[in-house]
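Q: Fold the following and give me the result.
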Amino acid sequence: MNPPKRSVASLLACFALAAACAHSAGDPTGANAPGAGSASPASPATTAPPSQLDLARQHIDHVIVIVQENRSFDHYFGTYPGADGIPMANGSPTVCVPDPVLKKCVRPFHSTSQLQKGGPHTHRHSVADVDGGKMDGFIRTAISGKIDCATVRSDPGCESYLGPQRQPDVMSYHTREEIPNYWGYADHFVLQDRMFAPADSWTLPAHLYLVSAWAASCASPYDPMSCTSNLGLGDQAKIQRGGQVPMWAWTDITWLLNRAGVTWAYYVGEDTCFIDPCPHASGKYTPAFQNPLPGFTTVRQNHQLENIRSHRDYFARAAAGTLPSVSWVMPYNGAAEHPSSGQPIWKGMAHVTEVINAAMQGPDWNSTAIFLTWDDWGGFYDHVMPPRVDANGYGIRVPGLMISPWAKAGTIDHQTLSFDAYLKFIEDLFLHRQRLNPRTDGRPDSRPTVREKLPLLGDLLNEFDFAQDPLPALVLDPTPLPGTP
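A: Next up, the predicted model:
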C-alpha cells in the first residue's frame with residue numbers, strides 16, 4: 001500500500017513547526033533547523049517492528065497436525081501441575097458423578113491399566129454427559145441402553161461399564177506413569193488445557209471439522225447449498241463401512257491451499273486409505289472415518305487424491321526434508337488409542353512419538369510447528385463445560401499440545417481453542433488470513449458460523465516465542481519405561 005500523500009499546506013506547516021522549535025531552543029535564526037545549511041543528518045526513518053504473524057511466516061514453513069482418538073483432557077492431563085485439571089483438595093478429587101447402579105457418587109480415580117472401555121460418544125451421548133453444564137452424566141451414559149440395571153443387578157451387562165478396578169471406567173484418569181511421553185512433551189513445549197472438540201459428537205464429524213470447519217450431509221455432491229448441519233452422520237457411516245466413499249460438497253481447507261499453490265498431504269495408515277493408489281481399508285470401522293478428504297468433491301475435481309498418502313511417505317519425506325507446508329497425520333488401525341479396541345495406550349503413544357521424532361530428526365525441525373490432539377472425549381469424564389459457539393459445538397474438552405523449537409517452553413495455554421484454531425493458524429500463515437467463509441470464497445454454503453472468525457477462539461500464535469534460541473529436539477524412546485522421561 002502506498003503511503004498517503006501530504007498536501008502542500010501540511011508540508012509548509014511542518015517546516016514552520018520545525019523553525020519554531022529551533023527558535024524556542026535558543027536558535028532564533030533557525031540556522032540549525034532541519035534543512036538549514038549544514039544541519040545534522042536526518043534521523044533514519046522508523047520501521048514498525050515485525051508482528052507475531054510476520055515472525056511466524058519467517059520461522060515456520062511446515063505445520064503438522066497429529067490426531068489420535070477418544071480421550072478427554074481430564075482423562076490424560078487431569079493431574080498435570082498448573083493445568084485446569086480435576087478439582088482436588090489435598091491430592092484427592094473433590095468432584096463426583098452419580099452412579100445409578102452402585103447407588104453412590106463416584107470420584108475420578110487413577111487407573112494404571114493400558115486398556116480402557118470408555119463410553120458411548122455420539123451427539124446424544126455428548127449432550128447427556130454435559131447435562132446442561134453439570135458435567136455429571138458420564139456414568140449414566142455409559143450404562144444407557146442396557147436393561148434396568150438399577151433393579152436387575154444379576155444381568156452381566158449391568159457391570160460391563162466397570163473397569164479393571166471395579167469402578168466406572170469413564171471416571172478413570174492417567175498420569176505420567178502411563179503416558180510419559182505425552183507428559184514429557186507438555187513439560188518441554190506447550191500444553192493446551194482449553195482445547196475443545198469442534199463438535200459435540202463422534203469421530204467423523206470431528207474429522208470433517210478438522211479439514212473444513214463444518215460437518216453436514218449433502219443432497220447433491222456438487223451443490224454446497226444442498227448441505228445441512230449433521231452431527232449424527234450415521235447414514236454416511238454405513239456408506240463408509242461398506243467401502244464406498246460419501247460425498248461432501250462444501251469447501252474444505254485443501255481447496256484454498258491448492259488454489260494458493262500451498263503444498264499439503266494427509267497421511268493415513270495403509271489399512272485406512274480408502275482411495276487408490278493406497279490399498280483399500282481392511283478394517284472398516286473408526287479408522288476409515290479419520291480420512292474424510294476423499295469424500296470432498298473439490299478434492300476429486302482438483303485431482304488432489306494423490307496427496308492422501310501412507311505413513312511410509314511421511315517418514316521418507318521427513319528424513320529428506322521434503323514434507324509439504326501442511327501435513328495431517330492419522331494413526332494406523334491399532335494405534336488410534338480408541339477405547340475398547342483391545343490395543344494398549346502405549347501403542348498409540350509409540351506411533352505418535354515416532355511421527356514426532358521423525359520431524360525432529362529431519363532437516364526441517366527448526367521451521368516446524370507440530371500440533372497433537374484427540375478427536376473426541378471417548379466418553380471419559382471432564383469437568384469443564386464446553387462453550388456453545390453455535391448449534392454444533394463446541395464438544396467436550398480434549399488434550400492438546402504444541403511442539404516446536406519456537407514454543408514457549410514449559411507453558412500452559414489457557415486460551416479457548418478448538419480444531420478451528422488449526423485452520424486459522426494455517427490460513428494466517430499461508431493464505432493471507434483468508435477464511436473458510438462461504439461469503440468470500442466463491443462457494444456459498446449454509447454453515448452456521450465462520451468458526452475461524454469467532455471472537456472466543458484463541459490464537460495459536462500466542463504460543464510461540466520467536467525471540468528465543470530455538471529449542472533442541474526432544475527425541476524420545478517410543479516405548480519408554482513407565483514414568484519416564
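Q: Quick one: the helices in the stretch 201-350 of the chain, in order.
A: Applying DSSP state H, counting those that start in this stretch to the stretch 201-350 of the chain gives helices spanning 203-212, 234-241, 253-260, 286-289, 297-301, 311-320, 345-361.
Q: most tightly surrounded among those?
A: helix 203-212 (a mean of 27; mean count of other Cβ atoms under 10 Å). Yep, even glycine has a C-beta here, placed from its N, CA and C like the rest.
Q: and the angle from that one to helix 253-260?
A: Helix 203-212 runs at 20 degrees relative to helix 253-260, counting by axes from the mean of the first three to the mean of the last three Cα atoms, to 10 degrees.
Q: just checking, what packs against helix 203-212?
A: With contacts defined as 3 or more Cβ pairs under 8 Å, 6 or more residues apart in numbering; DSSP states H and E, the packing partners of helix 203-212 are strand 62-68, helix 234-241, helix 253-260, helix 286-289, helix 419-430.
Q: Give the rounded mean pLDDT of the third one.
A: It refers to helix 253-260. For helix 253-260, mean pLDDT rounds to 97.
Q: counting contacts, what elements does that helix pack onto?
A: helix 203-212, strand 264-268, helix 297-301, helix 419-430.
Q: Using PDB, list the CA coordinates for it.
A: Taking C-alpha atoms only, helix 253-260 is exported to PDB below (Å, rounded to 0.1, in the frame of the first residue of the first chain):
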ATOM      1  CA  ILE A 253      -9.200 -26.100   3.600                       C
ATOM      2  CA  THR A 254      -7.300 -28.100   0.900                       C
ATOM      3  CA  TRP A 255      -9.300 -26.300  -1.800                       C
ATOM      4  CA  LEU A 256      -8.000 -23.000  -0.500                       C
ATOM      5  CA  LEU A 257      -4.400 -24.400  -0.200                       C
ATOM      6  CA  ASN A 258      -4.500 -25.900  -3.700                       C
ATOM      7  CA  ARG A 259      -5.800 -22.600  -5.200                       C
ATOM      8  CA  ALA A 260      -2.900 -20.700  -3.500                       C
END
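Q: relative orientation of that helix and helix 419-430 in degrees?
A: Using the same axes, to 10 degrees: helix 253-260 against helix 419-430 is 10 degrees.
Q: Can you add distance to Ala48 and give the helices of the stretch 201-350 of the chain back as JSON lines?
A: Formatted as JSON lines, the helices of the stretch 201-350 of the chain follow (distance: least, Cβ to Cβ, whole Å):
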{"stretch": "helix 203-212", "distance to Ala48": "35"}
{"stretch": "helix 234-241", "distance to Ala48": "49"}
{"stretch": "helix 253-260", "distance to Ala48": "26"}
{"stretch": "helix 286-289", "distance to Ala48": "46"}
{"stretch": "helix 297-301", "distance to Ala48": "38"}
{"stretch": "helix 311-320", "distance to Ala48": "36"}
{"stretch": "helix 345-361", "distance to Ala48": "33"}
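Q: Listing request: residues of the stretch 201-350 of the chain with sub-threshold pLDDT.
A: 237, 240-244, 270-288 (pLDDT under 70).
Q: give me the number of residues near Ser325?
A: Ser325: 18 surrounding residues under other Cβ atoms under 10 Å.
Q: Over to Pro363?
A: 12.
Q: State the three-state secondary structure for it.
A: With DSSP: H, G, I helix; E, B strand; the rest coil as the basis, Pro363 sits in coil.
Q: Show me how the record splits this protein into domains.
A: Domains of the chain are assigned by automatic domain parsing as 8-40, 53-77+176-463, 88-172.
Q: Of all these, which one comes closest to Leu471?
A: domain 53-77+176-463 (4.6 Å; Cβ to Cβ).
Q: Between the two ends of that closest one, how far is it?
A: 12 Å (Cα to Cα, to the nearest Å).
Q: cool, and stretch 383-397?
A: End to end - Cα to Cα - stretch 383-397 spans 9 Å.
Q: Give me the contact list for that stretch.
A: Applying Cβ atoms under 8 Å, 6 or more residues apart in numbering, the contact partners of stretch 383-397 are 72-74, 84, 86-87, 95, 126, 129-130, 133, 135, 193-201, 205-206, 209, 214-215, 229, 231, 376-377, 382, 416, 418, 448-449, 451, 454, 456.
Q: Among these, which are located in strands?
A: Met195, Phe196, Ser229, Ser418 (DSSP state E).
Q: Let's see if you can find the most crowded of the residues you listed.
A: That'd be Ser418 among those, by other Cβ under 10 Å, with 34 neighbours.
Q: which residues does that residue contact?
A: Met195, Phe196, Ala197, Pro198, Tyr209, Gly393, Tyr394, Arg451, Leu457.
Q: Also Phe296?
A: Residues in contact with Phe296, defined by Cβ under 8 Å, 6+ apart, are Val211, Ser212, Met247, Trp248, Asp252, Thr254, Trp255.
Q: beta partners of it?
A: Legend: beta-bridge partners of Phe296 under DSSP bridges are Trp248.
Q: what's the spacing between it and Asn307?
A: 12 Å (Cβ to Cβ, to the nearest Å).
Q: which neighbours do these two share?
A: Thr254.
Q: Reformat the domains of the chain as JSON lines; add distance to Leu481.
A: Formatted as JSON lines, the domains of the chain follow (distance: least, Cβ to Cβ, whole Å):
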{"stretch": "domain 8-40", "distance to Leu481": "69"}
{"stretch": "domain 53-77+176-463", "distance to Leu481": "8"}
{"stretch": "domain 88-172", "distance to Leu481": "14"}
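Q: And these: which comes nearest Ala473?
A: That would be domain 53-77+176-463 among the domains of the chain, by Cβ to Cβ, at 3.6 Å.
Q: what's the closest of the helices of the stretch 201-350 of the chain to Asp54?
A: From those, taking Cβ to Cβ, the stretch that ends up closest is helix 253-260, at 18.2 Å.
Q: Give me the contact list for the closest one.
A: Counting by Cβ under 8 Å, 6+ apart, 211-213, 263-264, 266, 293, 296, 298-299, 302, 304, 307, 325-326, 423, 426-427, 430-431, 434, 436, 441, 443 sit against helix 253-260.
Q: Out of the contacts of Ser418, which is nearest to Ser172?
A: Proximity of those to Ser172 (Cβ to Cβ) peaks at Ala197, which lies at 19.0 Å.
Q: Show the model's pLDDT score for that closest one.
A: Reported pLDDT for Ala197: 98.
Q: any idea how far Thr373 is from it?
A: 9 Å.
Q: what's the overlap in contacts for those two?
A: Counting by Cβ under 8 Å, 6+ apart, the contacts common to Ala197 and Thr373 are Val398, Phe419.
Q: Quick check: end-to-end length of stretch 98-107?
A: One end of stretch 98-107 to the other measures 9 Å (Cα to Cα).
Q: buried sites along that stretch?
A: Buried residues in stretch 98-107, counted by 16 or more other Cβ atoms under 10 Å: Asp99, Val101, Leu102, Val106.
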